[in-house]
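J.: Build me a structure from this.
(2 chains)
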There are 2 protein chains.
Amino acid sequence: MAEEAQNGASANIAISGVLIQVSVPASKAEEAVTFYKAAFGAEEASRACCSKRKAEQEQPSLLCAELKISDTSLLICGQLEDLAPVKEGTSPSVRIRVQVDDVETAVGKAVKAGAQLQGEIGVDETACGGGALGNLVDPFGVSWIVVSPAKAAEAEA
Amino acid sequence: MAEEAQNGASANIAISGVLIQVSVPASKAEEAVTFYKAAFGAEEASRACCSKRKAEQEQPSLLCAELKISDTSLLICGQLEDLAPVKEGTSPSVRIRVQVDDVETAVGKAVKAGAQLQGEIGVDETACGGGALGNLVDPFGVSWIVVSPAKAAEAEA
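T.: Purely as a prediction, here's the structure:
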C-alpha cells in the first residue's frame, strides 16, 4: 500500500477489458483470421473494416477482427506501416499459453495450419508446469506455448 | 469446413484456458509481479515456487505467478536461460491491449510504476478504434496499448 502511494498510483483505473492484440500487415489480416481459426479453433466475435480513413489516401482496406479462444480475446489488426521482420532465435517476452488436454494433437493441428514447432514436445519445466509442452511460432510472428496439466504419472525419475 | 478437413484439422481440441505468459529473468520475477500490480492493478491469483529442480544444479529459485487483470490471466514466469535483450524500435507482433475509460490517468499510473510511453497519447487509428490510445513498453519488454472507447465528441474534422 505504501509502495502504491509512493508511486502516485492512488487512482483506481477501471479496466473494462484486456485483449491480446496481434498486428499483421493489412494485406494479411484476413489470412491471419483464417489461420487462427484453423490452428487454435478461434471463433470470430466481431470485425470492423475501414476502407479509407481519409478520402485522399490510397490505402488498402483495414481489417480488425476480434477472435475468441476459450474466454480470451485475440484482436487481429491489419496495419499499414511496415512491421519489423520476425527474428529467428530471439526469446520473446510475451507468449500465448494455451492449456489443452492433449498437447500432441493440439500442436499437430496448429502445425498443419502453418505454425512451426520449435524443437520437440517436451516437459514443461517452469515452476507452474510439469505436464507436456510444445513451443510454436506462427506465420505472423506470434509465439505460442501449448501445455497440458501436470500428471503424477508423467513424473519420470 | 473443406479447408479444415484439408488441413487434417478435424480433431476438436479442447482448450481449457488461455494465458498471456510473460517471461522474465528468474532474478526479476518478483519485481515483475510488483510492477504489474502497481502499473495495471493486477491481482495475484496464485504462485508456484521451485527452489531447485535438480539438487546438483545451483540455480536461483523459480517463481511463476498468475496475475489477473480484468478477467485475463497474466502468467509471470522466471526463466533460467538468458532472454534476448529488448530491441528498441522494433514493432512487436503481440501487444496487450487494455481498455479503460481514462487513457491519460491509466498511462500516468503505468509510467509512474516504471513503464515508458512511446510517443504521445493520440487517437486510435485502427479499424476498431476511434478513442484515445497510448503505447507503452514496460521494464520487461512487454508492449501495451491503452485505449478508450470511441466517442462521437472526439471525432474532430
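
J.: Can you point out the buried residues in stretch A:94-101?
T.: A:94-100 (16 or more other C-beta atoms under 10 Å in any protein chain shown). C-beta coordinates here come from the backbone N, C-alpha and C atoms, glycine included.

J.: Specify which member of those is nearest to residue A:67.
T.: Here the nearest of those to residue A:67, counting by C-beta to C-beta, is residue A:96; it sits at 11.7 Å.

J.: Quick check: residue A:108 is in a strand.
T.: No - Residue A:108: not assigned to a strand; according to DSSP: H, G, I helix; E, B strand; the rest coil it is helix.

J.: quick one: pLDDT of it?
T.: Looking at residue A:108, its pLDDT stands at 96.

J.: and the strand ranked longest in chain A, what other elements does it pack with?
T.: Taking DSSP state E as the criterion, chain A has its longest strand at strand A:15-25. Applying 3 or more C-beta pairs under 8 Å, 6 or more residues apart in numbering or on different chains; DSSP states H and E, we find strand A:15-25 packed against helix A:29-40, strand A:72-79, strand B:94-100.

J.: quick one: it to chain centroid distance?
T.: Centroid separation between strand A:15-25 and its chain, computed with C-alpha atoms, centre = their mean, to the nearest Å, is 9 Å.

J.: Now the residue most central in space within chain A. Nearest residue, chain neighbours left out?
T.: Closest residue to the average C-alpha location of chain A: residue A:96 at 4.7 Å, with C-alpha atoms, centre = their mean. Nearest non-adjacent residue to residue A:96, counting by C-beta to C-beta, 6 or more residues apart in numbering or on different chains: residue A:144, 5.1 Å away.

J.: Run through chain A and note the low-pLDDT ranges.
T.: For chain A, applying pLDDT under 70 flags the ranges A:1-11, A:50-60, A:81-92, A:127-128, A:151-157.

J.: mind running it again at 80?
T.: Residues of chain A meeting the criterion pLDDT under 80: A:1-13, A:49-62, A:80-92, A:125-130, A:150-157.

J.: Throw the buried residues of stretch A:94-101 into TSV and include distance to residue B:68, thanks.
T.: Listed next are those as TSV, based on distance: C-beta to C-beta, whole Å:
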residue	distance to residue B:68
A:94	17
A:95	18
A:96	16
A:97	14
A:98	18
A:99	15
A:100	21
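
J.: of all those residues, which two lie farthest apart?
T.: Maximum pairwise distance among these (C-beta to C-beta): 19.4 Å, between A:94 and A:100.

J.: that older thread, export the helices and strands packed on strand A:15-25 to a markdown table and tack on distance to residue B:138?
T.: Compiled in a markdown table, the helices and strands packed on strand A:15-25 are given as follows (distance: least, C-beta to C-beta, whole Å):
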| stretch | distance to residue B:138 |
| --- | --- |
| helix A:29-40 | 25 |
| strand A:72-79 | 19 |
| strand B:94-100 | 9 |
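
J.: Near the residue nearest to residue A:120 when sequence neighbours are not counted, how many other residues are there?
T.: Counting by C-beta to C-beta, 6+ apart, residue A:120 lies nearest to residue A:134, which is 8.0 Å off, once chain neighbours are set aside. For residue A:134, the tally of surrounding residues (other C-beta atoms under 10 Å in any protein chain shown) stands at 26.
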